[in-house]
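>>> Just need the structure, nothing else, for what follows:
(one chain, ligands or ions: 2)
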Amino acid sequence: MQQEFLPQMSSATAFIDLSGLVNLFDFETKAAQAMSNLAYEYVVSGAADELTLRWNRQALDNLKLNQTVLTDVTKPDTRVTLFGHELLYPILIAPTAYHGIMHPEAELATARGASAASATYVVSSFTTTPLEKIADTATQPLWFQLYVRDDREFTKDLVQKAQALGFQALCVTVDTPVGGVRNREQRINFGLPADVVAPYMLAPGPQKNPLTWKDIEWLQSLVDIPVLVKGIMNPNDAELAIQAGVSGVIVSNHGGRNLDTVPATIEVLPYIAERINGRVPVLMDGGIRRGTDVVKAIALGAKAVLIGKPICYGLACAGAPGVARVLTILREELELAMILLGKASVPAIDRSVLWEKPDN
Ligand SMILES: Cc1cc2nc3c(=O)[nH]c(=O)nc-3n(C[C@H](O)[C@H](O)[C@H](O)COP(=O)(O)O)c2cc1C
Ligand SMILES: O=C(O)C(=O)c1ccccc1
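Numbering: from 1, shown residues only. Ligands and ions are numbered 1, 2, ... in the order given. This next block holds a predicted model:
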């Protein structure tokens, strides 16, 4: 029986058996039991009727692959380079808020798990652990996700703190001027327990001053690290992002949590990639659960993908080893998919891996 030792946990929960959790869906099932109802409803929640949430998955499932046999690919090269740094595989941890409601070690467990699996972790503005502690703990690259607050001085100090602590990129979330209709959160009257604090949240709720492209230019003037915009869902906005001078674009519908009935991200991705036309890297998130999903996103123009909910589930099930296991499962599935498709490297993954009905 495979057991993972968690040094910082109480003896009652020191050994967590992960051997039965063989894919990312297994972690979701297990997390439904492991998490408090409050945390589970928060994480699982989509906006309104949860149509976009479902479409993210369905659209990936509906894409069929076109395999090639008798190639000599045995050990595929999954490395990609982003902003001059090499990632061992093209999967990052998407920013998710409030890890303190998911596991007692909160963001520190996420950082340890990411580092154990050699992954880059994008830390949410609504972390429940100070950035200094996360930076002390991580041995692999960190990026910072920014929610801009009304207090622009506070925002300036925060991004400059992140840069000073060694965070390597800034992802400015642009799809959340207000939160979406979250009926699940309303039903449970969601709120942070008194002992879980988000130190960079300030006044919660909607902000008075909406974020505009001018703010994106301002943010770039504050830091030297690459600035990406997260939450681009139409090609025109992608063009405006380029004009604003951003270093990268993340195609995201916030995991279906904000504006219900926008399309699946995998459906929008090729249009954004076409408009960006290689000028900056395009990343994508939403519904990535299988190695074949990663392949599909890369084939349609993503340089790398991010995963949100599965990391929360890994964290809730087993802390750092759970996070690491989720990443490693997806990485290994990606490697298998590349071998079975006859693709030796990530740049070699192109539209030829997607099935199209032959003309003749
Ligand atoms: C529980 C939870 C909290 C989130 N918090 C943030 C956040 O603080 N900032 C942000 O930019 N996106 C946030 N997101 C969106 C994720 O970064 C990401 O876009 C989305 O989860 C990707 O889809 P997936 O969960 O299907 O992988 C959150 C998502 C979840 C599930
Ligand atoms: O839950 C979320 O998806 C999210 O991004 C968020 C927004 C406001 C407060 C906390 C988290």
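>>> Get me the contact residues on the stretch 151-300 of the chain for ligand 1.
Thr173, Lys230, Ser252, His254, Gly255, Arg257, Asp285, Gly286, Gly287, Ile288 (C-beta under 6 Å from any ligand atom). C-beta here means a position set from N, CA and C on the backbone, and glycine is covered the same way.
>>> for Gly166, helix, strand, or coil?
Applying DSSP: H, G, I helix; E, B strand; the rest coil to Gly166 yields a three-state assignment of coil.
>>> Based on its surroundings, how many neighbours for the residue nearest to it when sequence neighbours are not counted?
The spatially closest residue to Gly166, leaving aside those adjacent along the chain, is Ala135, at 5.8 Å (C-beta to C-beta, 6 or more residues apart in numbering). Ala135 is flanked by 18 other residues according to other C-beta atoms under 10 Å.
>>> Next one: Ala135, what pLDDT does it get?
Looking at Ala135, its pLDDT is 98.
>>> what about the closest residue to ligand 2 within the stretch 1-150 of the chain, how many neighbours?
The minimum distance from the stretch 1-150 of the chain to ligand 2, using C-beta to the nearest ligand atom, falls at Ala97 (3.6 Å). Using other C-beta under 10 Å, Ala97 has 19 neighbouring residues.
>>> Tell me if Leu92 really is in a strand.
Yes. Leu92 forms part of a strand when assessed by three-state DSSP.
>>> burial measure for it, as a count.
By other C-beta under 10 Å, the residues close to Leu92 number 26.
>>> wait, doesn't it sit right on Trp143?
Yes. The pair Leu92 / Trp143 is scored as a contact, 7.5 Å apart, by C-beta atoms under 8 Å.
>>> Check the contact lists of those two and give me the overlap.
Contact criterion C-beta atoms under 8 Å, 6 or more residues apart in numbering; residues shared by Leu92 and Trp143: Thr120, Tyr121, Val122.
>>> Look up which helix or strand the residue of the stretch 1-150 of the chain closest to ligand 2 falls in, please.
Taking DSSP states H and E as the definition, Ala97 sits outside all helices and strands.
>>> In contact with Ser45: list those residues for me.
Applying C-beta under 8 Å, 6+ apart to Ser45 gives the contacts Arg182, Asn183, Arg184, Glu185, Arg257.
>>> Which of the residues you listed lies at the shortest distance from Pro310?
Arg257 (14.9 Å; C-beta to C-beta).
>>> which residue is nearest the middle of the chain?
Residue closest to the mean C-alpha point of the chain, counted by C-alpha atoms, centre = their mean, is Ala94 at 2.0 Å.
>>> and that residue, what does it touch?
Neighbour list for Ala94: Val122, Gly255, Asp285, Leu306, Ile307, Gly308, Ile311 [criterion: C-beta under 8 Å, 6+ apart].
>>> List phi and psi for it.
With angles defined as degrees, to the nearest 10, Ala94 sits at phi -70, psi 150.
>>> And for Leu283?
phi -110, psi 170.
>>> beta partners of it?
Ile250, Ala304 (DSSP bridges).
>>> All further residue positions should be reported with the first residue as 39.
Noted, 39 is the first residue going forward, which turns the last one into Leu321.
>>> Show me how far the helix or strand hosting Asp253 is from its chain's centre.
In the assignment (DSSP H and E), Asp253 maps to helix 251-260. Here helix 251-260 is found 23 Å from its chain centre; the criterion is C-alpha atoms, centre = their mean, to the nearest Å.
>>> what's the answer for stretch 257-268, then?
Counting by C-alpha atoms, centre = their mean, stretch 257-268 is centred 18 Å from the centre of its parent chain.
>>> Now Ala70. Its backbone dihedrals?
The phi/psi pair for Ala70 (degrees, to the nearest 10) reads phi -60, psi -30.
>>> Distance-wise, check it relative to ligand 1.
14 Å (C-beta to the nearest ligand atom, to the nearest Å).
>>> now Arg328
Noted for Arg328: a distance of 12 Å to ligand 1, by C-beta to the nearest ligand atom.
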